[in-house]
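Visitor: what follows is a predicted protein model with its sequence.
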Amino acid sequence: MDFNTLTNDIAIDFGTSNTRIYIKGRGLVLDEPSVIAFDTVSGETVAAGCEAYNMIGKTPASVSTVFPLSGGVISDCTLAEELLKELLRKACPKTVIKPRIIISVPSGATDVEKRALRDAAIIAGARVVYIMETPIAAAIGAKCDVMPARGLMIADIGGGCCDFAAISLGQVASFDTFKTAGNAFTEAVIAHMRDYHSLSIGYLTAERCKIEAGSVFPAEKSSSVVRGLSLKTGLPTEITVSSDELTDALLPVSTSICNALKAAVDNAPSELLGDIVEDGILLTGACASMRGMVKRLKTDTEMKLYLAPENEYAVIRGLAGAIESIDKISKDLYTVYHS
Ligand SMILES: Nc1ncnc2c1ncn2[C@@H]1O[C@H](COP(=O)(O)OP(=O)(O)OP(=O)(O)O)[C@@H](O)[C@H]1O
Ligand SMILES: [Mg+2]
């Protein structure tokens, strides 16, 4: 018998942009975009994850590509359930025992949003679902001890939301889930190319341009060649965009994120604030890798701020650590549901 097929503990970071799956005993087995492609007539799934991502903007009218999460939570239950099922099937095709699944949720998620996530995990095959707040998972994943009576501030900057939270005694003491993050930068690139260069570009091109040349701090220089359709001539056109130009285009989004983080620091309980000022803010999430992000946040907040090692994997690492020792860790760290 192949004992790999008997795995029964799974951790899932089901994010707005990316899904990461960890299986106990096997490690990180999947890291793919949270996209599903489906036939608009039959409703059947055509592709999920990387394959669906590569189809964005290139599908015939009968196929649609959708990110079923938005702002860190499920926005389309049916497609999110289908996506999770497909990605789990990819990650562990021959599971024979219904798994225990731990999954993260933004601190600001409502009960309805948490239930949608729990149901998706159950439909995907979970026998037990543990829900952990993203900042707690991020802190554990960055090897911080969340249990002491000491303030710890996390800023997880993802695709759909920024999860800012002050943690103490294993719980989130205050939070601000700000639903503007990496996707808003991508949309700003699309709007900038349309408004200033009369160039229509697709989502994938905007994502690439943002990562190649997008910067939220003026000192960080780079450039990107962008191809799209000229709205003046109707012909394919190529334009080189500089990071300086993009810094201006991204300014409203970067400013709103900085202001939200400042507000989250202000909202932290005053007894925790001293620790947070002393230790600084821990940055996680893939969008925290954006060129200039650390400098920009440091400058605006006037706080110490440091990027977690492999920041994009902090949440899945934390969830993985938690599921590895779920029977031993404090029950305050998660909520549990049985199917
Ligand atoms: N080097 C980079 N520069 C700029 N943006 C980046 C970079 N790497 C990743 N991103 C952006 O980070 C975002 C994805 O981050 P992450 O994978 O943490 O999000 P998520 O967990 O799926 O979303 P959420 O936590 O908001 O639900 C995307 O918008 C992506 O474009
Ligand atoms: Mg995330």
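Guide: Sure, I can see it. Ligands and ions are numbered 1, 2, ... in the order given.

Visitor: excluding its backbone neighbours, what's nearest the residue nearest to the spatial centre of the chain?
Guide: For the chain, the residue sitting closest to the mean C-alpha position, by Cα atoms, centre = their mean, is residue 158 at 3.7 Å. In space, and not counting its chain neighbours, residue 158 is closest to residue 285: 4.4 Å by Cβ to Cβ, 6 or more residues apart in numbering. C-beta coordinates here come from the backbone N, C-alpha and C atoms, glycine included.

Visitor: that neighbour and residue 18, how far apart?
Guide: Relative to residue 18, residue 285 is positioned 10 Å away (criterion: Cβ to Cβ, to the nearest Å).

Visitor: which residues are common contacts for these two?
Guide: Any residue near both residue 285 and residue 18 by Cβ atoms under 8 Å, 6 or more residues apart in numbering counts here, and that gives residue 312.

Visitor: ok, these two, which is more surrounded?
Guide: Taking neighbours as other Cβ atoms under 10 Å, residue 285 and residue 18 compare with residue 285 leading, 28 against 21.

Visitor: so for that one, what's the pLDDT?
Guide: Confidence per residue is given as pLDDT, and for residue 285 that number is 98.

Visitor: which parts of the stretch 1-150 of the chain are strands?
Guide: 9-14, 18-23, 27-33, 36-39, 45-48, 63-66, 69-70, 73-74, 100-105, 128-133 (DSSP state E, counting those that start in this stretch).

Visitor: looking at these, which is closest to residue 193?
Guide: Residue 193 lies closest, by Cβ to Cβ, to one member of those: strand 63-66, at 20.5 Å.

Visitor: partner strands of that closest one, with direction?
Guide: According to DSSP bridges, the neighbouring strands of strand 63-66, each with its direction, are strand 36-39 (antiparallel).

Visitor: so how far is the strand it pairs with from its chain's centroid?
Guide: Here strand 36-39 shows a centroid-to-chain-centroid distance of 21 Å under the convention Cα atoms, centre = their mean, to the nearest Å.

Visitor: what does the stretch 1-150 of the chain put close to ligand 2?
Guide: When proximity is defined as Cβ under 5 Å from the ion, the stretch 1-150 of the chain approaches ligand 2 at residue 15.

Visitor: looking at the stretch 1-150 of the chain, which residue is nearest ligand 2?
Guide: For the stretch 1-150 of the chain, the residue closest to ligand 2 is residue 15, as judged by Cβ to the ion, at 3.7 Å.

Visitor: what sits against the closest residue to that residue other than its chain neighbours?
Guide: Of all residues not flanking residue 15 in the chain, residue 158 sits nearest, at 5.5 Å (Cβ to Cβ, 6+ apart). For residue 158, the contact set (Cβ under 8 Å, 6+ apart) comprises 15-17, 72, 181-182, 285-287.

Visitor: take the residues you listed and keep only those in helices.
Guide: Judged by DSSP state H, helices contain the following of the contacts of residue 158: residue 182.

Visitor: check what pLDDT the residue nearest to the centre of the chain gets.
Guide: The score at residue 158 is 98. That number is its pLDDT.

Visitor: same check, this time on the one 5 residues further on
Guide: Residue 163 is assigned a predicted lDDT (pLDDT) of 98.

Visitor: now do the SS call for it.
Guide: At residue 163 the chain is in strand, as set by DSSP: H, G, I helix; E, B strand; the rest coil.

Visitor: pLDDT weak spots in the stretch 1-150 of the chain?
Guide: Across the stretch 1-150 of the chain, the ranges flagged by pLDDT under 70 are 1-7.

Visitor: ligand 1 contacts on that one?
Guide: Where the stretch 1-150 of the chain comes near ligand 1, counting by Cβ under 6 Å from any ligand atom, the residues are 15-18, 72.

Visitor: ok, back up a step: what sits against the residue of the stretch 1-150 of the chain closest to ligand 2?
Guide: For residue 15, the set of contacting residues under the criterion of Cβ under 8 Å, 6+ apart consists of 34, 69, 72, 158-160, 315.
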